[in-house]
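Peer 1: No sequence on hand, only this structure:
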């Protein structure tokens, strides 16, 4: 293992490997990544890995679209195949407010050169024949949406970075971070120390632990997110093409074809924060036991919308950790008050945002600022009011309202009066 490098990235999920990849693409060769377990451990390996471009923010829309373009390029490399299915997606609207939101986002997308379409109920049925249309106003078509294998994607990013000179050290947890009198950083790991000029905290749901090593507090809490995978469904096995990904924001779930079955992932009202007393030291590739009682109402709604779902049994339930900041946005950018220390962590949607995140943090380091205005993701946006109880309350509220319409100047009540 090297004992000196220009940049050390802590964390080997999709975001850390994307940062490694983009730094090498910008000419940085003396870069290393350290990971406590295997690459993709944490939230990456168990992610449902849907890849939407849809966002209510002009710049989030841009950086998620960048991810889809990058992943398409990586998947086209024959020597490193990636299972990436660009199926398109339909977002359902059962009220006028939701349709107004769709018109707003579609206008932004079209201005950026993205071919979003507004759909009538009959057009939705044409694209998704198993869909029931009760209480439907219409929908939105995102032609770039789909799903990807998160482990293959992460390994492809890491491999491309290694080919450009970067190094990756797995099963090597960081134990401490200190500052030398020269201003350089010492990253202390199980296998030895690495002296470096720049540190990137890509620790995912462990991002707050990494921040604490340099005396900082990052408001992050971990939520339990469940999705279920059904057994094979004959009607899907007989199709030539996969169904589009389906999102029902008014009933708060996504539904997508997975091989010859379906994946259903709700964002339920019984949102459950985890690890309030700290993250277990060895948690990396584990999952929690399922808790399907929390999802019962959402499963019923999805069965009513797509009755085909009710014909299959459940093959597997995934219940894993996802990090949340109080506003649901990740932390990307310089750490307040520290020189050459950057955060790039706490991604609730890390797979679809990983490409854009790696590009953004690499541009911060190499060029001093990113191409896009990412102030809304700046790690310095929270101050002392964002206590542990505050971040937990806001994360629960946000999870419950994951698909809620973002009205201008709306203020939700959780966390008051802080």
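Peer 2: Right, received. Where do you want to start? Everything numeric here is computed off the predicted structure, so don't read it as measured data.
Peer 1: and the residue sitting furthest away from the middle of the chain, what does it touch?
Peer 2: Most distant from the centre of the chain: residue 181, at 37.0 Å, with distances by C-alpha atoms, centre = their mean. By C-beta atoms under 8 Å, 6 or more residues apart in numbering, the contact set of residue 181 is empty. C-betas here are computed from N, CA, C, even on glycine.
Peer 1: confidence score at it?
Peer 2: You'll see residue 181 listed with a pLDDT of 93.
Peer 1: and it, that one's in a helix?
Peer 2: No: applying DSSP: H, G, I helix; E, B strand; the rest coil, one finds residue 181 to be coil, outside a helix.
Peer 1: Phi and psi next, for it.
Peer 2: Dihedral angles of residue 181 (phi, psi; degrees, to the nearest 10) stand at phi -60, psi -30.
Peer 1: I'd guessed residue 370 sits against residue 357; true?
Peer 2: No: in this structure, residue 370 is not within contact of residue 357 by C-beta atoms under 8 Å, at 10.1 Å.
Peer 1: Give me the more crowded residue out of the two.
Peer 2: Set residue 370 next to residue 357 and count neighbours by other C-beta atoms under 10 Å: residue 357 wins out with 29 against 20.
Peer 1: who touches the more buried one in this structure?
Peer 2: Applying C-beta under 8 Å, 6+ apart, we find residue 357 in contact with 15, 18, 19, 63, 330, 332, 344, 347, 350.
Peer 1: and if you look at residue 43?
Peer 2: In this structure, residue 43 makes contact with 13, 204, 205, 320, 321, 322, 323, 347, 350, judged by C-beta under 8 Å, 6+ apart.
Peer 1: Distance check, the third one against residue 322.
Peer 2: Using C-beta to C-beta, to the nearest Å, one obtains 7 Å as the distance from residue 205 to residue 322.
Peer 1: Mutual contacts of these two, please.
Peer 2: Taking C-beta under 8 Å, 6+ apart as the contact definition, residue 205 and residue 322 share the neighbouring residues 43, 222.
Peer 1: So if I had to pick from those two, which one is more boxed in?
Peer 2: Set side by side, residue 205 and residue 322 show more neighbours around residue 205, with 27 against 22, by other C-beta under 10 Å.
Peer 1: which helices and strands does the one helix or strand residue 199 maps to pack with?
Peer 2: Per DSSP states H and E: residue 199 is located in strand 192-201. In terms of contacts (3 or more C-beta pairs under 8 Å, 6 or more residues apart in numbering; DSSP states H and E), strand 192-201 is packed against strand 4-10, strand 31-34, strand 185-189, helix 207-212, strand 341-345, helix 350-367.
Peer 1: Adding mean pLDDT and distance to residue 141 as columns, could you present the ones you listed in JSON lines?
Peer 2: JSON lines is the format used below for these (pLDDT from 0 to 100; distance: least, C-beta to C-beta, whole Å):
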{"stretch": "strand 4-10", "mean pLDDT": "98", "distance to residue 141": "37"}
{"stretch": "strand 31-34", "mean pLDDT": "98", "distance to residue 141": "38"}
{"stretch": "strand 185-189", "mean pLDDT": "98", "distance to residue 141": "46"}
{"stretch": "helix 207-212", "mean pLDDT": "97", "distance to residue 141": "35"}
{"stretch": "strand 341-345", "mean pLDDT": "98", "distance to residue 141": "32"}
{"stretch": "helix 350-367", "mean pLDDT": "98", "distance to residue 141": "17"}
